[in-house]
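**Student:** Sharing a model that was predicted from the sequence below.
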Amino acid sequence: QLSLNMITGSANVSDGNLLFHGNGVLGLTGAAINGQGMVGIAYRATLWAIQAGTGAINSPEVDHERWARAINFVRQTEARGRKIIILELQTAGYSNAESIPSVHQEIVEAISEGVVVCVPAGNGNHRQNAGLGDDDIVIEDTGSIVVGATRFDAEKNIRAESNGGDRVAVYAPGDSESDLTCGLRGGYRNNFGGTSGATAKVAGVVALMLEKNNRLTPADVRTILNNSMKRAVDDDDNDVGAFLDAEHAVTAAIAALGTA
């Protein structure tokens, strides 16, 4: 595991919000099988904890240049396997962080180099479009996997207070009352969720896909996730997009080996 604090340049990533948010995200994605309470989806993945801020991820005081440098660091740092970036950031208006020019550019560069980038759609509300910034200007598609969130329901995958629209590639569970994940100082907690929790789960499934087929491009990965037969719906039961199906995604990744 690699740790880097973009603020101090040290390996100490325990400042402020990362203790809560970063631990929660990494736990859902790849917490180890250690008999201590839970396990992440890609539990054998190598996790990098990169801290780019200390406060809320949608605070107006967030230094977006620091986040852009964090993406650049991941791009430039050698790794033994494929890289997946989970960009746990949204704008002050709860929009897709790809609307920030410096962040947008680094995402484009990372994807051009084969990095799969998973981006939260944002926790505005179901009336907000994940393809628009706070200024309602269309965000040019970066090629990332934009993830929306659903709330728990015994029968349907109902969109939560998550941004939506055509830019969302896939929805995943993000119920704020139902996400068990790593908490502070080795404990465990519920009440995580949102598009942050949903994006972490999608990234874990992407890691499983790449474990089976590391020749998949970021575009291949997005297409497979978007082709899920499981669907998310709104409160009126209208189809709003694909819902995460890990079994289908991994099976499709393996099948793609035969067509390469």
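**Tutor:** That came in fine, so what should we check first? Just so you know, these numbers come straight off a predicted model, no measurement behind them.

**Student:** C-alpha from now on. contacts and neighbour counts both.
**Tutor:** Will do.

**Student:** need the strands for the stretch 51-200 of the chain, in chain order.
**Tutor:** With strands called from DSSP state E, counting those that start in this stretch, the stretch 51-200 of the chain shows them at 84-86, 116-120, 145-151, 158-159, 168-173, 181-182, 188-189.

**Student:** Let me see the mean pLDDT of the longest one.
**Tutor:** Yep, that's strand 145-151 we're talking about. If you average the pLDDT over strand 145-151, you get 97.

**Student:** got the angle for it vs strand 168-173?
**Tutor:** With axes from the mean of the first three to the mean of the last three CA atoms, to 10 degrees defining the directions, strand 145-151 sits at 30 degrees from strand 168-173.

**Student:** Not counting strand 145-151 itself, show me its contacts.
**Tutor:** Applying CA atoms under 8 Å, 6 or more residues apart in numbering, the external contacts of strand 145-151 come out as 116-122, 130, 157-164, 167-176, 194-195, 197-199, 202, 222, 232.

**Student:** between the strands of the stretch 51-200 of the chain, which one is nearest to Ala32?
**Tutor:** strand 181-182 (10.7 Å; CA to CA).

**Student:** Mind listing the strands the closest one pairs with, and their directions?
**Tutor:** The strands beside strand 181-182 in its sheet (DSSP bridges) come out as strand 188-189 (antiparallel).

**Student:** Run through who's touching the partner strand.
**Tutor:** Here strand 188-189 makes contact (CA under 8 Å, 6+ apart) with 37, 179-183.

**Student:** Can I get the buried ones among the residues you listed as something I can paste into PyMOL?
**Tutor:** With 16 or more other CA atoms under 10 Å as the criterion, this PyMOL line picks the buried residues out of the contacts of strand 188-189:
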select buried, resi 179+180+181+182+183
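
**Student:** Could you point out which of the contacts of strand 188-189 is nearest to Val240?
**Tutor:** Once CA to CA is applied, the member of the contacts of strand 188-189 that ends up nearest Val240 is Asp179, at 22.1 Å.

**Student:** any idea how far the nearest residue to Glu65 once chain neighbours are set aside is from Asn5?
**Tutor:** The spatially closest residue to Glu65, leaving aside those adjacent along the chain, is Ser102, at 6.6 Å (CA to CA, 6 or more residues apart in numbering). Distance, Ser102 to Asn5, by CA to CA, to the nearest Å: 19 Å.

**Student:** Burial check on Gly241, number of neighbours?
**Tutor:** 25 (other CA atoms under 10 Å).

**Student:** Isn't it up against Ala172?
**Tutor:** No. With contact defined as CA atoms under 8 Å, Gly241 does not count as touching Ala172 (10.5 Å).

**Student:** so where is the stretch 1-150 of the chain shaky, pLDDT-wise?
**Tutor:** The stretch 1-150 of the chain contains residues with pLDDT under 70 at 15-19, 55-61, 126-127.

**Student:** Go again with 80.
**Tutor:** Where the stretch 1-150 of the chain drops to pLDDT under 80, the residues are 14-20, 37, 54-62, 125-127.

**Student:** Just the helices from it, written as ranges.
**Tutor:** 21-30, 64-76, 101-112 (DSSP state H, counting those that start in this stretch).

**Student:** elements contacting the first one?
**Tutor:** So that's helix 21-30. Packing partners of helix 21-30 (3 or more CA pairs under 8 Å, 6 or more residues apart in numbering; DSSP states H and E): strand 181-182, helix 194-212.

**Student:** what kind of secondary structure is His248 in?
**Tutor:** helix (DSSP: H, G, I helix; E, B strand; the rest coil).

**Student:** Pull the number of nearby residues for it.
**Tutor:** When counting by other CA under 10 Å, one arrives at 17 neighbours for His248.

**Student:** Dump the strands of the stretch 51-200 of the chain into TSV; add distance to Gly30 as well.
**Tutor:** Listed next are these as TSV, based on distance: least, CA to CA, whole Å:
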stretch	distance to Gly30
strand 84-86	12
strand 116-120	15
strand 145-151	18
strand 158-159	24
strand 168-173	16
strand 181-182	10
strand 188-189	14
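
**Student:** Cheers, nothing more for now.
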